[in-house]
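> model the structure of this input:
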Amino acid sequence: MNPFSSGTRLSDMIRAIRASKTAAEERAVVRKECAAIRASINENDQDYRHRDLAKLMFIHMLGYPTHFGQMECLKLIASPGFPEKRIGYLGLMLLLDERQEVLMLVTNSLKQDLNHTNQYIVGLALCALGNICSAEMARDLAPEVERLLQFRDPNIRKKAALCAIRIIRKVPDLSENFINPGAALLKEKHHGVLITGVHLCTEICKVSSEALEYFRKKCTEGLVKTLRDIANSPYSPEYDVAGITDPFLHIRLLKLLRVLGQGDADASDCMNDILAQVASKTESNKNAGNAILYECVQTIMSIEENGGLRVLAINILGKFLSNRDNNIRYVALNMLMRSLTVDSQAVQRHRATILECVKDSDASIQKRALELIYLLVNENNVKPLAKELIEYLEVSEQDFKGDLTAKICSIVEKFAPEKIWYIDQMLKVLSEAGTYVKEDVWHALIVVITNAPDLHGYTVRALYRALHTSFEQETLVRVAIWCIGEYADLLVNNAGMLDLEDPITVTESDAVDVVENAIKHHLSDVTTKAMALIALLKISSRFPSCSERVKSIIGQNKGSFVLELQQRSLEFSSVIQKHQNIRSSLVERMPVLDEATFSGRRAGSLPASVSTSGKSPLGIPNGVAKAAAPLVDLLDLGSDDTPAPTSSSNNFLQDLLGVDLSQPSAQPGAMQPSQAGADILMDLLSIGTPAPVQNGSANGDLLSIQDNNAPIAPSLTSPTAPSSMMDLLDGFGPTPPKSEDKSAAYPSIVAFESSSLKIEFNFTKQSENPQTTDIVANFINLTPNVYTEFLFQAAVPKNNSAMCLVLNVPHFYGRDSDRFMFFAKFLLVEILGTFLQLHLDPASSNSLPANGNIKQTMRVTNSQKGKKPIVMRMRVGYKINGKDVLEEGQINNFPRGL
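Numbers count the residues shown, from 1 in each chain. Reported below is the predicted structural model:
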């Protein structure tokens, strides 16, 4: 006989497939067998139909397509004999699912079999319906299933209950049909029927609030009695698992009690005693007992408050943490995290055990325990917990150090009782795992250090000691060289000594040695080296005797391939050689940084240089602040995360002012661009020969340098100013007095004009407050295109302290180093003072019509009216045909006397 004929037995086919040595041989066997089955189907061979379907099921389990045999399942189900129906229903459950349209053809056969006189056939139909029931089948067959819930045979009732669960999940509206039959099943003595009845009632309660109230009133006491009987029942070999009577029924009853007790005080009171009994008497030396205890804990923590029970439940979880099974410890940690919101004091009692879990070898338990410890920390226990975590940080694995370091830093920063303790702990973390400390964390440390003047000496000495043992921790090196640059004199003179520290002898040369080592160390990156150069410049001012050595060290980077280091080396060398008269003021000690401002920046708050009329920038009527161009401090004193306009690396003037000078402009009445940025930088530093200035434009006023792409109206400086650019670092002389405009009326000005947009400013004064000027900005569209999402932004100088911050810490907030023109920012500090405040009202529309205009009102307060002119930076953003356009510039042609 052909071994692959339809008459081949199932076992022979399995044997042939297993004998295949390669996947190709297996596929060949399957193809031949499938071909034989197709031939048998076409011949309508009824004798071997059940055997063919059995083979198809095995082939399906191997992953081969068997859709051609789906109709054979329906034919076998329609057969009168039990063996054929059994294979047919098995094939139906395996080869089809509820999404198959063929399934609609089997509904009638199922209905007939559910009403069959043979209980085994009824059982087959219930099994199939419980596995593949669709919403349509559920509606058609729900009455038969409801009737079978009262069948005489317990196995049929059990299967009917499971089938009812499937029906309720598919069609929740049918749950009301099963409320009374489900409640009747809760009185069953047969454990198999009882457990399915409890499961059915649980599902009904989840989908129907009416059913939930019904079960609370009618069934809670009966369920409590059933659970008590099972918990106190004697040994029964039929249901015994590891010495516990039917733990599966225990768990199902506890789940239903949890649903009934949640949010209902009366039901919770009814079940308190039995929950206490189960929690205290269940053995925990076997998995079955642990499963019951865990479910009992979940029930106790979910029902209405009972303090004693909750303490008992949390104590059980504490015992779980001592279990050798990792799974039990993990679920205990998860449950303790959820319990924190309910009873944190009870969880605190197990703090030591949880801390031991942080040191566990299992990575999942480590991370979960660390998260729990983080939630447990408060002002009272922060010191011992931080001490334990930092000690473990020394021996922890590399993969875990990142998470552990982040949590320790957050804990120390959030709950530090005093600044000296905060500094000590952060130095320990930097010494052990400085590589894993994020940038904003050590920035925050420096902010705290500047706000603790009595600890400056102590901090710089502690950092100096730490550097000798942990020089490979780059973040520690950055903080240390920053502090040495600021407080080197305190380090050398042992100033500000505390009783708890030992004196240390450090010479001026030693301080320079440390910074020099940071520059030359093979692990130091560009940021660290740049900060070290700044520290050396400051040390040269603190210790004049070391100036020549500092100059030599700085000069070693003049030929660096890194533009940032080369630029700093040239600039700093020029300061040391040629500008001794201003060096001390240029590198004076950092002002105290505002902790609240820095915290706001870390949290993502917006700068305060521009205010709106009581609404957030995302809700102002004149346009939504787009993600591509968020509202920023236009003087580069605001949000540090805001990207600067794209610039060329060779255009230093562009980086100085934060504007784009890439395209020429020939707009009438606007300030013409100055010479190339590189030449201006050379003039700023007195390096090389200044280039001649075209058209006699004045360069003495740094703010009059304009953006080529966004020209501004003429500067107030005289057109007869000298054409040669002075050395700005040498040329701080008296400013010639400017005549004030005595007229009461202020003429309108063209604040901005390009090929596509014109902005006019009209001025009015408030009689009661002569220092305040109301400005009406008129935006005129010069093109036939509509500008959508129109947004006007403006800013005025905020205060000197903020600008000094930019001056002294070019790398502090992580800005691109090229954007920090060190000396130009110093000039801005000299030119701009704390005298202007700006308030913007919403624009009349966020859409600028073609060849049309819209208006926007702003209010400027000049506290130095008549003495200092108004200066303003502006930015306009809009869309043309879906394309973003950004124009910006500086306005300094305001009428005098404003």
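> what kind of secondary structure is K414 in?
Here K414 is helix, with the state taken from DSSP: H, G, I helix; E, B strand; the rest coil.
> pLDDT score for it?
K414 carries a pLDDT value of 91.
> kindly report the same for N650.
pLDDT, N650: 39.
> what does the one 5 residues further on give?
Model confidence at D655, expressed as pLDDT, equals 43.
> and what of E432?
pLDDT recorded at E432 is 90.
> burial count for it?
Residues near E432, counting by other CB atoms under 10 Å, number 23. C-beta here means a position set from N, CA and C on the backbone, and glycine is covered the same way.
> can you tell me how far it is from S396?
Here E432 is placed at a distance of 9 Å from S396 (CB to CB, to the nearest Å).
> residues shared between the contacts of those two?
Common contact partners of E432 and S396 (CB atoms under 8 Å, 6 or more residues apart in numbering): none.
> now do the lengthiest strand in the chain: which elements does it pack against?
Taking DSSP state E as the criterion, the chain has its longest strand at strand 769-781. Judged by 3 or more CB pairs under 8 Å, 6 or more residues apart in numbering; DSSP states H and E, the packing partners of strand 769-781 are strand 757-766, strand 788-795, strand 853-862.
> check which residues of stretch 517-537 are buried.
Going by neighbour count (16 or more other CB atoms under 10 Å), the buried part of stretch 517-537 is 518-519, 524, 528-537.
> on that earlier part again, report the distance from the longest strand of the chain to the chain centre.
Remark: strand 769-781 is offset 41 Å from the chain centroid, using CA atoms, centre = their mean, to the nearest Å.
> list the contacts of that strand.
746, 751, 756-766, 787, 790, 792, 843, 848-863, 865, 870, 876, 898.
> of the residues you listed, just the buried ones, ChimeraX syntax please.
Selecting only the buried entries of these in ChimeraX, with 16+ other CB under 10 Å as the criterion:
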select :746,751,757,758,759,760,761,763,765,787,790,792,843,848,854,856,857,858,859,860,861,862,865,870,876,898
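> which ones are touching the nearest residue to L836 once chain neighbours are set aside?
Spatially, and ignoring its direct neighbours in sequence, L836 is nearest to V796 (3.9 Å; CB to CB, 6 or more residues apart in numbering). V796 makes contact with 609, 635, 836-838, 860, 870-873, according to CB under 8 Å, 6+ apart.
> redo those residues as JSON lines? Include secondary structure and distance to A352.
Shown next, in JSON lines, are these (DSSP: H, G, I helix; E, B strand; the rest coil; distance: CB to CB, whole Å):
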{"residue": "S609", "secondary structure": "coil", "distance to A352": "50"}
{"residue": "L635", "secondary structure": "coil", "distance to A352": "53"}
{"residue": "L836", "secondary structure": "strand", "distance to A352": "58"}
{"residue": "Q837", "secondary structure": "strand", "distance to A352": "56"}
{"residue": "L838", "secondary structure": "strand", "distance to A352": "57"}
{"residue": "V860", "secondary structure": "strand", "distance to A352": "62"}
{"residue": "I870", "secondary structure": "coil", "distance to A352": "64"}
{"residue": "V871", "secondary structure": "coil", "distance to A352": "62"}
{"residue": "M872", "secondary structure": "strand", "distance to A352": "61"}
{"residue": "R873", "secondary structure": "strand", "distance to A352": "58"}
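> in this structure, what spans have low per-residue confidence?
Scanning the chain for pLDDT under 70 picks out the ranges 1-7, 600-744, 798-834.
> show me the strands in it, by range?
Going by DSSP E, the chain shows strands at 240-241, 244-245, 749-753, 757-766, 769-781, 788-795, 836-843, 853-862, 872-880, 883-891.
> can you list the ones you listed in TSV and add distance to L126?
Below are these laid out as TSV (distance: least, CB to CB, whole Å):
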stretch	distance to L126
strand 240-241	26
strand 244-245	28
strand 749-753	80
strand 757-766	76
strand 769-781	75
strand 788-795	62
strand 836-843	68
strand 853-862	73
strand 872-880	63
strand 883-891	64
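> what's the closest of those strands to A276?
strand 244-245 (17.5 Å; CB to CB).
> and for the closest one, what's in contact with it?
230-231, 233, 235-236, 239, 250, 282-283, 286, 288-289, 292.
> partner strands of that strand, parallel or antiparallel?
strand 240-241 (antiparallel) (DSSP bridges).
> what residues does the strand it pairs with touch?
Contacts for strand 240-241 (CB under 8 Å, 6+ apart): 246-248, 288.
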